[in-house]
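**Q** Here's a sequence, model it:
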Amino acid sequence: MSQSRPLLHPRDDLLRTMERIYRYRMTTTSGGNLSIRDDAGDVWITPARIDKGSLRRDDIACVRADGRMEGPHRPSSEFPFHRAIYEARPDLRAVVHAHPVALVAFSVCRRVPDTLLFHQARNLCGAVGFAAYALPGSAALGANIARMFRQGFDCVVLENHGVVVGGVDLEHAFARFETLEFTAKTIVKASQLGPIRYLTDAETDAPNKRIAPWAEFTPPPADATERELRRQLCDFIRRGYRQRLLISTQGSFSARLDDDTLLVTPSKFDRSAIELDDLVLVRGDRAEAGKTPSRAARLHRGLYRRRPEFRSIVSAFPVNATAFGVTPAVFDSRTIPESYLFLKDVRRLPYGPQFGDGAEVAEALSPANPVALMENDGALVCGTSVLDAFDRLEVLETTAEALINSRPLGEVAPMSEAVIAELRQAFPGV
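**A** Numbering: from 1, shown residues only. The predicted structure follows:
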């Protein structure tokens with residue numbers, strides 16, 4: 001993540017991050033704790049027995065480097081393992097511990113999620129460790145967890161307890177935590193569909209080897225059209241994050257301004273915090289000076305060049321649709337009229353072409369087939385406007401969730417060819 005928060009007080013950083021974790025139901029009122037170790041060696045930590053849903057900055061406790069405790073409340077009862085992690089790993093400056101449902105499911109089954117499911121997950125989180133159970137708050141638990149961090153793990157699942165993640169700052173730790181939970185959720189969903197495909201080590205490195213720097217240019221002041229597109233993109237990116245159609249580290253939105261100019265999300269930028277000026281203008285082979293466009297920018301640019309009908313493209317990671325992309329399960333959009341009309345026949349694309357110039361992907365996509373599931377890399381959704389692309393993305397995810405939820409109920413009965421023909425005739429422009 002590229003944002004820097006050097007002037008943000010640890011109390012505010014902890015408060016903001018805990019609010020985010022609680023808001024998205026990745027912990028409970030009483031569960032979870034966060035900490036930051038500052039340059040002086042002091043540890044700022046969330047307090048014990050305080051409602052996470054109404055936490056205030058003044059509630060945050062501080063344990064000074066000399067052991068003195070400050071604040072109106074006692075530090076979290078889990079402080080011993082936070083301290084043990086910092087002692088084991090001087091490079092880490094923040095720790096996140098919480099009980100998100102998918103990672104708890106792994107913890108109670110004594111398993112860890114395989115981050116080779118996605119190249120982003122492997123590169124950000126690394127392999128995941130597993131710490132044996134010990135009494136919460138005990139020195140034994142601290143020793144078990146610290147042992148795994150000392151071995152080099154940055155993310156550790158706790159037996160019958162939850163997960164602990166470390167980072168160079170709290171934003172980094174949160175990004176790892178959220179990405180790991182998303183990976184775990186996808187595995188849980190995909191397990192209902194069939195055998196799961198994981199990447200090789202070489203495949204996880206492939207995107208990084210193909211990234212070339214962009215030449216830069218200084219654009220003129222934005223006109224009204226560009227300003228409107230910036231507003232639309234920011235609104236829908238933030239909405240997509242709230243609706244869990246993407247996570248803070250993954251998901252790229254773009255919109256074209258003219259034949260060879262587009263606006264796109266920046267690289268390594270928290271999607272939930274995107275603002276108008278953060279978006280990157282790309283013109284031909286050059287990017288707006290001082291900014292780095294998303295890895296998907298070259299793919300989007302290639303699609304716009306080859307498919308001028310598209311005005312907006314989303315590379316997203318909705319968990320249910322993504323689950324289809326890591327298994328051989330068939331995604332059949334013939335569920336309800338809305339699903340078929342908006343999605344048509346959803347294509348499946350192998351892993352790899354999305355890191356190129358868009359030529360191979362453009363052959364599979366068209367206005368008649370605007371959606372593709374990318375093997376181990378989310379979904380690609382195209383539209384005639386930002387609203388149109390986002391609408392299709394929502395429909396894709398709700399359809400995928402309905403298909404997965406139908407599994408315990410019985411065999412899916414798709415709409416017949418006669419019904420499909422009737423829909424095509426009644427709604428030719430959709």
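**Q** Could you chop this protein up by domain?
**A** 10-190, 205-426 (automatic domain parsing).
**Q** now do the same end-to-end measure for the first one.
**A** When the termini of domain 10-190 are compared using Cα to Cα, to the nearest Å, they are 38 Å apart.
**Q** What average pLDDT does that domain get?
**A** Mean per-residue pLDDT for domain 10-190: 94.
**Q** Ok, the longest one next?
**A** Averaging pLDDT along domain 205-426 gives 94.
**Q** Surely Val63 touches Ala40?
**A** No. With contact defined as Cβ atoms under 8 Å, Val63 does not count as touching Ala40 (11.5 Å). Bear in mind the C-beta positions are built from the backbone N, C-alpha and C, glycine included.
**Q** Look at these two and report which has more neighbours.
**A** Set Val63 next to Ala40 and count neighbours by other Cβ atoms under 10 Å: Val63 wins out with 21 against 8.
**Q** For the more buried one, which residues are in contact?
**A** With contacts defined as Cβ atoms under 8 Å, 6 or more residues apart in numbering, the neighbours of Val63 are Asp42, Val43, Ile45, Met69, Glu70, Pro75, Phe79, Arg83.
**Q** ok, back up a step: specify the stretch among the domains of the chain that is closest to Leu199.
**A** Closest to Leu199 of those, according to Cβ to Cβ: domain 10-190, at 4.8 Å.
**Q** hey, where'd the strands end up in the stretch 201-350 of the chain?
**A** Secondary structure of the stretch 201-350 of the chain by DSSP state E, counting those that start in this stretch: the strands cover 215-217, 252-258, 261-264, 280-283, 286-288, 312-316, 347-349.
**Q** okay if I get the ones you listed as a markdown table plus distance to Thr17 and mean neighbour count?
**A** Formatted as a markdown table, these follow (distance: least, Cβ to Cβ, whole Å; neighbours: other Cβ atoms under 10 Å):
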| stretch | distance to Thr17 | mean neighbour count |
| --- | --- | --- |
| strand 215-217 | 33 | 12 |
| strand 252-258 | 24 | 23 |
| strand 261-264 | 27 | 23 |
| strand 280-283 | 26 | 22 |
| strand 286-288 | 29 | 19 |
| strand 312-316 | 23 | 28 |
| strand 347-349 | 35 | 17 |
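**Q** right, so of the ones you listed, which gets closest to Cys109?
**A** strand 312-316 (28.6 Å).
**Q** mind listing the helices for this protein?
**A** Assigned by DSSP state H, the helices in the chain fall at 10-23, 79-88, 101-108, 119-125, 139-150, 170-190, 201-209, 224-242, 297-306, 319-325, 337-343, 359-364, 386-406, 417-426.
**Q** and the third one, what other elements does it pack with?
**A** On a contact count with 3 or more Cβ pairs under 8 Å, 6 or more residues apart in numbering; DSSP states H and E, helix 101-108 meets strand 155-158, strand 162-167, helix 170-190.
**Q** what about Val381, distance to Pro72?
**A** 49 Å (Cβ to Cβ, to the nearest Å).
**Q** Of these two, which one has the most company?
**A** Neighbour count, other Cβ under 10 Å: between Val381 and Pro72, Val381 has more, with 31 against 11.
**Q** ok, that one - contacts?
**A** Going by Cβ under 8 Å, 6+ apart, the list of residues near Val381 reads Ile313, Val314, Ala316, Pro370, Val371, Ala389, Arg392, Leu393, Leu396.
**Q** JSON lines please, covering these and showing distance to Val346.
**A** Output for those, formatted as JSON lines (distance: Cβ to Cβ, whole Å):
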{"residue": "Ile313", "distance to Val346": "15"}
{"residue": "Val314", "distance to Val346": "14"}
{"residue": "Ala316", "distance to Val346": "14"}
{"residue": "Pro370", "distance to Val346": "9"}
{"residue": "Val371", "distance to Val346": "5"}
{"residue": "Ala389", "distance to Val346": "14"}
{"residue": "Arg392", "distance to Val346": "10"}
{"residue": "Leu393", "distance to Val346": "12"}
{"residue": "Leu396", "distance to Val346": "7"}
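**Q** which residues does Met69 contact?
**A** Met69 neighbours (Cβ under 8 Å, 6+ apart): Ala61, Cys62, Val63, Pro75.
**Q** just to revisit the earlier point, the helices and strands packed on helix 101-108 into TSV, with extra columns for mean neighbour count and distance to Glu417?
**A** Shown next, in TSV, are the helices and strands packed on helix 101-108 (neighbours: other Cβ atoms under 10 Å; distance: least, Cβ to Cβ, whole Å):
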stretch	mean neighbour count	distance to Glu417
strand 155-158	26	47
strand 162-167	26	47
helix 170-190	24	29
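**Q** of the ones you listed, which approaches Ala105 most closely?
**A** Going by Cβ to Cβ, the one of the helices and strands packed on helix 101-108 nearest Ala105 is helix 170-190, 6.2 Å.
**Q** Remind me what the closest one packs against, helices and strands.
**A** Looks like helix 170-190 contacts helix 10-23, strand 94-98, helix 101-108, helix 119-125, strand 155-158, strand 162-167, helix 319-325 (3+ Cβ pairs under 8 Å, 6+ apart).
**Q** Repeat the analysis, applying 7 Å as the threshold.
**A** If you count contacts as 3 or more Cβ pairs under 7 Å, 6 or more residues apart in numbering; DSSP states H and E, helix 170-190 packs onto helix 10-23, strand 94-98, helix 101-108, helix 119-125, strand 162-167, helix 319-325.
**Q** give me the number of residues near the closest residue to Glu375 other than its chain neighbours?
**A** Using Cβ to Cβ, 6 or more residues apart in numbering and skipping the chain neighbours, the partner closest in space to Glu375 is Tyr351 (4.2 Å). Tyr351 has 19 neighbouring residues, counting by other Cβ under 10 Å.
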